[in-house]
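J.: fold the following and give me the result.
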Amino acid sequence: MRRVIKFLIYLICLGFIGLVAYAYVGPFFGADFSAPQSEIREPVVLDVD
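T.: Prediction:
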């Protein structure tokens, strides 16, 4: 049981390291992580009594 837990911890650590590496290296391979930017304007009606 201890071996399985140890394996899962190693797997989680490797997955985290891989995700961080992909976040840094991804833009060099064409992955775009930026949010689409567009201005949105909506009128707000305040009901003041």
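
J.: and the helices in this structure?
T.: Along the chain, the stretches classed as helices by DSSP state H are 2-25.

J.: okay, the residue lying farthest from the centre of it: pLDDT?
T.: Using CA atoms, centre = their mean, the residue of the chain lying farthest from its centre is residue 49. It sits 43.6 Å away. Confidence at residue 49, expressed as pLDDT, is 70.

J.: kindly report the same for residue 29.
T.: We have a pLDDT of 84 for residue 29.

J.: now do residue 33
T.: Residue 33 carries a pLDDT value of 83.

J.: how close does it sit to residue 22?
T.: Distance of residue 33 to residue 22, given as CB to CB, to the nearest Å: 10 Å. The way it works is simple: take the backbone N, C-alpha and C, and place the C-beta from them, glycine included.

J.: higher neighbour count, those two?
T.: More neighbours surround residue 22 than the other of residue 33 and residue 22, with 13 against 8 (other CB atoms under 10 Å).
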